[in-house]
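>>> sequence first, then the predicted structure:
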Amino acid sequence: MQKNIDQLQNHFLICGYGRMAGAICEELREANIPFVAIDNDQQRFDVAIEHGCLAIHGNSSEDHILEQAGVRHARGVICAIDSDAENVFAILSVREMNQEAFIANRASTEGAARRMERAGANMVVSPYTTAGLNIADAILRPKLSEYLRNNRSKECDLELMEFTIMENSSMVGNKLMEVGRYFSDVVFVAIKRPGQAQNVRPGGDEVFQLGDIVTIAGNPDELEQVYLRAESGQEGQGKVNTSSIPLIRILQEQNPLEDGDYFSEKTSDSVDAPVS
């Protein structure tokens, strides 16, 4: 298994393999995005192996464990350990070894969330707070809440996607209305430019620029075509991973109160790294 891990590039590290991490890994697996799970608990490590994950048994804050997981060339790290203190230590270790990685964390309190942000986390989510807000929405806005829940199901044809407009993109210099003619069922939700506030629901005269981070909504097939035009200037060149928003959704929505539920599937070999 270590040989397979060593070949990974632009992958994710999942620190802790509880209920939240299991849901994240399921989303990443469906999107064909490579990842490595790390857990110091033997039982959770065994579950990760049973579910077909590349996994390492060890402490996520230990440098040699992170090195084994390929942290220096990882795209991002998800810290979902059930201890705020351990999550903070993991952030510090990851940030020291990879300045560019996107780090997302689970926090149980607002104080812990602030410490994680100071330590270098890009995104901190409190499942308890989010669960409370979801319940409040269900009471105060029941129809809207029901609609959003239905659209989160795997059977729903509506997805959100985020992409960056690259240098060779045919979208650079074109107005939104011009691009929109080719994708009538796609909604352009927002555009974020470096150093500027996010432009929510941009108008048809908005001109796409190099480096724009664009959020769109629609059916997966059309989202794929927009992505290809934005990042490669081509269409119909193969499947695209539309995973950024589903990953954030899972981080925000998982309720940590039951940490023993896991997912399914294959088996694999293991790497049992020493723990100090």
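Received the coordinates, thanks.
>>> residue 63: neighbouring residues, count only.
Number of residues near residue 63 (other C-beta atoms under 10 Å) recorded here: 13. Where C-beta positions appear, they are placed from N, C-alpha and C, glycine not excepted.
>>> check contacts around the nearest residue to it once chain neighbours are set aside.
Nearest non-adjacent residue to residue 63, counting by C-beta to C-beta, 6 or more residues apart in numbering: residue 93, 6.2 Å away. The contact partners of residue 93, by C-beta atoms under 8 Å, 6 or more residues apart in numbering, come to 60-63, 66.
>>> now with 10 Å, please.
Going by C-beta atoms under 10 Å, 6 or more residues apart in numbering, residue 93 touches 15, 59-63, 65-66, 71, 77, 119-120.
>>> make a PyMOL selection of the buried ones in those residues.
With 16 or more other C-beta atoms under 10 Å as the criterion, this PyMOL line picks the buried residues out of these:
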select buried, resi 15+59+60+61+62+65+66+71+77+119+120
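>>> now render the contacts of residue 93 as JSON lines, adding distance to residue 86.
Below are the contacts of residue 93 laid out as JSON lines (distance: C-beta to C-beta, whole Å):
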{"residue": "15", "distance to residue 86": "8"}
{"residue": "59", "distance to residue 86": "8"}
{"residue": "60", "distance to residue 86": "7"}
{"residue": "61", "distance to residue 86": "7"}
{"residue": "62", "distance to residue 86": "11"}
{"residue": "63", "distance to residue 86": "15"}
{"residue": "65", "distance to residue 86": "12"}
{"residue": "66", "distance to residue 86": "13"}
{"residue": "71", "distance to residue 86": "16"}
{"residue": "77", "distance to residue 86": "13"}
{"residue": "119", "distance to residue 86": "12"}
{"residue": "120", "distance to residue 86": "15"}
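>>> out of the contacts of residue 93, which is nearest to residue 85?
residue 61 (9.6 Å; C-beta to C-beta).
>>> and the closest one, what does it touch?
Per C-beta under 10 Å, 6+ apart, neighbours of residue 61: 15, 38, 40, 79, 81, 85-94.
>>> let's see that with 8 Å instead.
86, 89-90, 92-93.
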